[in-house]
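[1] Return atomic coordinates for the entry below.
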Amino acid sequence: MYASVRHGFVHVLGWAVVGAVLLGVVAVGPARAATPGARAVDVPAGVTAGVAVFDRQTATFTEQFNPHMQFRSASVVKILLALDHLWDRDPGSLPAADRDRLASMLRSSDDDAASAYWTEGGGSTIVDRMVARLHLTETAGPPPDYPGFWGYTALSAADTVRIYRYLLDSAPAAVRDLVMGDLRAATRCGADGFDQRFGIPSSFERPWAVKQGWSGFGSSDDCTGNATASSAAPVTPVGAGGVDLSRKALHSTGTVGAGDRTIVAVFTLQPRDTGFGAAYTNLNRLVRSLQNVPGARRPSGSWFDTWGSGVRVRSDATTGSAALATLPAGVEALVACQKQGESVTEGPYTNDWWAYLPLYGGYVSNIYMKSPGSKLPGVPGC
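    Now for the predicted structure:
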């Protein structure tokens, strides 16, 4: 089915609700919050966030919000794992298998690769070494009760900026080129099946380089179409030192602009009942609210909420066209233009208009867009 969930069942949604969706449902606007002395950042209701935006050209922070708050790092810690592994090694002499494992960890956020480096490097002693080497002040290994859970490493937005500054300005050129090259080649789908083009990649045009993080969302078939259990640690109660290990975490970090002009670090904890698509949307809206990101270019188009699970992005405006990607359930999508194509029917509704999603390079039937009418308002023809 075009909009199916795992195991091939059709997405179930009451048609009264669908009717309301198709007549237009306006999302509640985000609350504005600010750190004293810093520019305000739009944080969606119920979301806890830490933000740091650093302009490398002027060596100044252009936006901050809770920059020193500690979050569980999820997969962002994989940058530290890579740097520790490469600290006394020549990247050019790495065995092919080791190089491939590093690439998989950094590009596709491979948890198995991270666990291997964590074990080989001595677990939390990796974090201790990198804290000392990079003079990090808000980074710490996982709580004593969870020694094997590298994703429970505590990290702040400000320390993440320090990590990227070291990588870009102080690391040996071969290390910089290897790690940043992998982050620039981040894959759309993570190794565990999650779509990792949220935050920075959704909000800014290339060039960018990213290391994303997510934790607590269970298993996913959103991106690859293959149900894959995440190997990330399970969510648990609040850990030692006040780092929250219970709420779902979604983070976007990296660089934006030519010459890696600006470092962006955005950490979020999501409301407990938030699905991945909703968390993805929350993070995107927060990142889009950042107004002072030097060197950044914003994609053009209009954003629309979607509904349905397993909604496929197609190479053309037909259900028989090649499937390019699968949208996270209920995610907000950027639409560049629209055109007529094959009619798609869901319950009592039929629509032959299709939206072009530039971030995916393909089309989705307008029937899965939350908007009144068959055509999307304000969207030009393709």
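
[2] From here on, just use CA atoms for contacts and neighbour counts.
    Fine.

[3] show me the contacts for residue 339.
    By Cα atoms under 8 Å, 6 or more residues apart in numbering, the contact set of residue 339 is 317, 353-356, 381-382.

[4] Please identify which pair of those residues lies farthest apart.
    317 and 381 (12.9 Å; Cα to Cα).

[5] the more surrounded of these two?
    Neighbours around residue 317 and residue 381, counted as other Cα atoms under 10 Å, are more numerous at residue 317. The numbers are 23 against 14.

[6] What's the separation between that one and residue 351?
    In this view, residue 317 and residue 351 are 11 Å apart by Cα to Cα, to the nearest Å.

[7] which residues do these two both contact?
    For the pair residue 317 and residue 351, residues contacting each of them under the criterion Cα under 8 Å, 6+ apart are residue 365.

[8] thinking residue 352 is in contact with residue 343, fair?
    Yes: A contact is recorded between residue 352 and residue 343 when judged using Cα atoms under 8 Å, the distance being 4.0 Å.

[9] Confirm residue 255 sits in a strand?
    Yes: assigned with DSSP: H, G, I helix; E, B strand; the rest coil, residue 255 falls within a strand.

[10] That one touches residue 210, doesn't it?
    Yes: using Cα under 8 Å as the test, residue 255 is close enough to residue 210 to be in contact (6.6 Å).

[11] Spit out the contact partners of the residue most central in space within the chain.
    With distances taken as Cα atoms, centre = their mean, residue 198 lies nearest the centre of the chain, 3.5 Å away. With contacts defined as Cα under 8 Å, 6+ apart, residue 198 is in contact with 252, 280-281, 283-284.

[12] quick one: which of the residues you listed has the most company?
    Comparing the contacts of residue 198 on neighbour count, residue 283 comes out first with 29 neighbours (neighbours: other Cα under 10 Å).

[13] I figured that one hits residue 268, correct?
    Yes: here residue 283 reaches residue 268: they are 7.3 Å apart, a contact under Cα under 8 Å.

[14] who touches both of the two?
    Residues touching both residue 283 and residue 268 comprise 250-251, with contact defined as Cα under 8 Å, 6+ apart.

[15] Look at residue 115 and say how many residues are nearby.
    Residues within reach of residue 115, counting by other Cα under 10 Å, total 21.

[16] Okay, helices next: where are they in this structure?
    Counting by DSSP state H, residue ranges of the helices within the chain are 15-22, 78-86, 96-108, 111-121, 124-134, 157-169, 173-184, 200-203, 276-288.

[17] who wins for proximity to residue 364 among these?
    helix 15-22 (15.0 Å).

[18] For the closest one, give the mean pLDDT please.
    Taken as a whole, helix 15-22 carries a mean pLDDT of 36.
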